[in-house]
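K.L.:
let's see this in three dimensions:
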Amino acid sequence: MAVVYRARDSVLEREVAIKVLHAHLADRAESRARLKREAITVAKLRHDNIVEIYDYSGEDAEQAYLVTEFIHGETLREWVERDYV
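P.N.:
Below you'll find the predicted structure:
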């Protein structure tokens, strides 16, 4: 559905994760609606195991994205390979 980039917020001087919808999905209203629902839902939650949403592109933006906190640690791939391979 999306690709996630590790980035640096130069204004607030912090690492962030940017989730960008794939181009072929960004043209679909249903995909943009799903991303909006994700942003709204996650923004309402506060828990140590849930990333915080910092920004959302909005429905009418050319690129559909979410900016979230970046969590340091092992990747999902590393975890699966360590525990299940």
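K.L.:
secondary structure class for the residue nearest the centre of the chain?
P.N.:
The geometric centre of the chain, computed from its C-alpha atoms, lies nearest to Lys19 (Cα atoms, centre = their mean), at 3.6 Å. Three-state assignment for Lys19 (DSSP: H, G, I helix; E, B strand; the rest coil): strand.
K.L.:
can you check Arg37 too?
P.N.:
Of the three states, Arg37 takes helix under three-state DSSP.
K.L.:
tally up the residues packed near it, please.
P.N.:
Number of residues near Arg37 (other Cβ atoms under 10 Å) recorded here: 10. (C-beta placed from N, C-alpha, C; glycine too.)
K.L.:
is it true that the residue nearest to the centre of the chain touches Tyr65?
P.N.:
Yes. With contact defined as Cβ atoms under 8 Å, Lys19 reaches Tyr65; the gap is 6.1 Å.
K.L.:
OK, contacts around the residue nearest to the centre of the chain?
P.N.:
Going by Cβ atoms under 8 Å, 6 or more residues apart in numbering, Lys19 touches Ala2, Val3, Val4, Tyr65, Leu66, Val67, Thr68.
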